[in-house]
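J.: okay, structure incoming, though there's no sequence with it:
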């Protein structure tokens with residue numbers, strides 16, 4: 001059943017009758033026979049999703065509609081970034097011309113090191129400007145060509161200053177024409193109208209030029225300061241190969257865990273069940289035989305419950321039938337601790353993302369129950385700008401090891417989808433596990 005906590009989020013507790021467990025026994029046994037194939041299918045789906053995400057990033061994503069206020073704010077920020085770039089380029093060019101008399105000193109190593117140090121600081125400022133105002137992040141890579149980049153960007157930056165000047169002139173003409181038309185007795189209204197139209201045309205062309213100059217600045221920085229395209233592709237291939245190897249490790253670990261659960265749990269209960277039935281058949285006392293059969297019946301129920309738990313850890317059928325939210329509610333119901341679930345996703349998710357999010361929550365809750373000594377668990381699943389943000393918090397003792405087999409397996413599963421995985425677990429708690437899964 002379900003209850004509502006103080007914070008308004010759903011708190012679920014386990015309440016399932018024994019008859020339901022018996023009715024699902026045959027389905028769970030069939031699902032158990034398909035365990036290895038399902039685990040391999042999940043790994044293949046994760047790897048395919050990673051490749052598809054790579055292809056989608058190159059082909060472009062879905063079109064989004066931008067609000068006018070956001071567009072204006074972005075344009076003003078871009079204009080401010082170009083103004084800063086033009087001012088910096090002008091100062092750098094003047095300083096370089098003033099330093100021409102000391103140019104021969106760069107033939108010595110000390111002079112070259114001084115020039116490299118100054119250029120490195122200027123390039124650092126450029127990285128900040130590009131990321132802060134133009135939205136272009138240039139990842140650090142090897143030994144960037146700092147001095148050639150600074151020299152090559154001067155014409156583009158100064159061109160950006162010229163375009164901004166044209167925008168200011170066009171705006172001034174437009175404002176002058178509007179003010180003159182509304183508040184001044186004009187002697188030459190045709191000239192004022194033509195001036196206003198010319199200013200409007202100049203402003204329109206300048207605004208288009210601002211975007212083009214900003215784009216060229218970003219392209220130049222990425223080409224001269226960032227990794228080359230071939231190097232980026234090689235790094236991506238290496239990342240995918242490592243992710244695939246980690247997926248195979250996760251598959252083998254899943255198989256070992258399933259075998260261990262079957263051997264130590266279900267198999268032992270089935271052996272005990274067979275022994276009880278055999279003793280009941282050999283008993284000459286009807287009352288004793290009835291008591292042994294009752295024990296055998298209870299043992300069969302426990303075996304079915306453990307079998308259901310194993311099948312749920314492989315892949316829950318409810319995830320495909322009812323979606324991620326219902327599957328997470330089922331995880332909360334089956335847990336011995338109160339689980340407060342906050343779910344704020346109002347759209348359909350890719351199957352691979354749903355599966356990864358489900359296992360992140362399921363494994364995290366299982367770890368809390370086994371090791372954290374917590375009194376409750378908070379689960380949040382949110383949609384943030386094209387990404388699924390999954391967080392699991394507990395108030396336990398903390399000290400979780402991100403390199404452990406369980407958390408490392410979750411990190412590999414998330415990395416296979418180009419997601420991000422983080423564990424924050426200081427000694428003494430609390431612990432927060434976060435996975436961000438792209439849904440493009």
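T.: That came through, no problem. Keep in mind it's a predicted model, so treat the numbers as computed, not measured.
J.: contacts only, for residue 327.
T.: By CB atoms under 8 Å, 6 or more residues apart in numbering, residue 327 lies in contact with 316, 318-319, 354, 358. Just so you know, the C-beta spots here come from the backbone N, C-alpha and C atoms, and that holds for glycine as well.
J.: can we see that at 10 Å?
T.: 312, 316-321, 354-355, 357-358, 361-362 (CB atoms under 10 Å, 6 or more residues apart in numbering).
J.: for residue 127, same thing?
T.: 136-140, 144, 221, 225.
J.: which among the residues you listed end up buried?
T.: Buried members of these, counted by 16 or more other CB atoms under 10 Å: 136, 138, 144, 221, 225.
J.: surely residue 207 and residue 167 touch.
T.: Yes - under the criterion of CB atoms under 10 Å, residue 207 makes contact with residue 167 at 6.4 Å.
J.: between those two, which has more neighbouring residues?
T.: Taking other CB atoms under 10 Å, residue 207 and residue 167 do not tie; residue 167 has more neighbours (20 against 17).
J.: got the phi/psi numbers for that one?
T.: Note on residue 167: its backbone torsions stand at phi -60, psi -40 [degrees, to the nearest 10].
J.: now do it, the pLDDT please.
T.: Per-residue confidence at residue 167 stands at 92 (pLDDT).
J.: check residue 373 too.
T.: Residue 373 is assigned 79 on the pLDDT scale.
J.: ok, it touching residue 367?
T.: No - between residue 373 and residue 367 there is no contact under CB under 10 Å: 11.4 Å.
J.: mutual contacts of the two, please.
T.: 394, 396.
J.: which of the two has more neighbours?
T.: residue 367 (20 against 13).
J.: nearest spatial neighbour of that one, skipping sequence neighbours?
T.: Computed as CB to CB, 6 or more residues apart in numbering, the closest residue to residue 367 that is not its neighbour in sequence is residue 406, at 5.8 Å.
J.: where do the helices of the stretch 151-300 of the chain begin and end?
T.: 189-225, 229-261, 267-282, 286-314 (DSSP state H, counting those that start in this stretch).
J.: buried residues in the shortest one, which are they?
T.: When you say that, I think you mean helix 267-282. 269-270, 272-273, 276-277, 280.
J.: ok, residues contacting that helix?
T.: 259, 261-262, 288-307.
J.: packing partners for the host helix or strand of residue 320?
T.: If you go by DSSP states H and E, residue 320 is part of helix 317-322. Counting contacts by 3 or more CB pairs under 10 Å, 6 or more residues apart in numbering; DSSP states H and E, helix 317-322 packs against helix 25-33, helix 286-314, helix 324-334, helix 351-367.
J.: need these in JSON lines with distance to residue 93 and mean pLDDT, can you?
T.: Converted to JSON lines, those look like this (distance: least, CB to CB, whole Å; pLDDT from 0 to 100):
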{"stretch": "helix 25-33", "distance to residue 93": "71", "mean pLDDT": "40"}
{"stretch": "helix 286-314", "distance to residue 93": "65", "mean pLDDT": "78"}
{"stretch": "helix 324-334", "distance to residue 93": "56", "mean pLDDT": "84"}
{"stretch": "helix 351-367", "distance to residue 93": "50", "mean pLDDT": "85"}
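J.: and the residue sitting furthest away from the middle of the chain, what does it touch?
T.: Computed with CA atoms, centre = their mean, the maximum C-alpha offset from the centroid of the chain is found at residue 284, amounting to 66.0 Å. By CB under 10 Å, 6+ apart, residue 284 lies in contact with nothing.
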